[in-house]
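> fold the following.
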Amino acid sequence: MEIRLDDLTGPEIARLLEEHLLGMAEHSPPESIHALDLEGLRKPEITFWSVWERDELLGCGALKELDSRHAELKSMRTSSAHLRKGVAKRLLEHIVGEAKKRGFVRISLETGSMEAFEPAMRLYASFGFRECKPFADYIEDPYSVFMTKEL
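This next block holds a predicted model:
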């Protein structure tokens, strides 16, 4: 597996992010979907990575700077063809490591509260993320779970 900085221009990434947004729409009401589309991810405060095995895209994830001490994990997605192969774990290790290198002292995330998001919540918990109150511009939402980790 190779993790690469990604400029969000490849067709494979566009397809994976489309799959990500469709998956969110399948499990969450529109007002509770906080996933970013391609344009939303092309912001200077966001760094985006993709995970590859040779020429096949396995997954993606991003880190958004909220302020000089706090970052947000965004757009974590494993391609449906590559689930349960350790893609998300490897990428999460990379992103948490990068957040530490950049001097962030806290990393937070929002994920869904429904059963479909249980594997993600278990992964985040295994990395030391704990449930927290909404952060940044988020508000309480029964369809969202907020988690944070001190670095």
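> just name the shakiest helix or strand of this structure by mean pLDDT.
The weakest-scoring helix or strand in the chain, judged by mean pLDDT, DSSP states H and E, is helix 11-27 (a mean of 89).
> packing partners for the helix or strand just after it?
Per DSSP states H and E, the first helix or strand lying C-terminal to helix 11-27 is helix 38-41. Applying 3 or more CB pairs under 8 Å, 6 or more residues apart in numbering; DSSP states H and E, one finds that helix 38-41 contacts helix 11-27. The way it works is simple: take the backbone N, C-alpha and C, and place the C-beta from them, glycine included.
> how about residues contacting the helix it packs on?
6, 33, 35, 37-38, 41, 50, 57, 59-60, 75, 77, 79-80, 112, 114, 116-117 (CB atoms under 8 Å, 6 or more residues apart in numbering).
> for stretch 17-36, buried residues please.
Neighbour counts over stretch 17-36 (16 or more other CB atoms under 10 Å) mark L17, H20, L21, G23, M24, S28, S32, I33, H34, A35, L36 as buried.
> let me fix that: stretch 66-86
Neighbour-count burial for stretch 66-86, counted by 16+ other CB under 10 Å, picks out 66, 70-79, 82, 85.
> which of those sits closest to V105?
Here the nearest of those to V105, counting by CB to CB, is H70; it sits at 7.3 Å.
> who's in contact with the nearest residue to the closest one once chain neighbours are set aside?
Leaving aside its sequence neighbours, H70 sits nearest to R106 (CB to CB, 6 or more residues apart in numbering; 4.8 Å). With contact set as CB under 8 Å, 6+ apart, R106 has these partners: R69, H70, A71, T148, K149, E150, L151.
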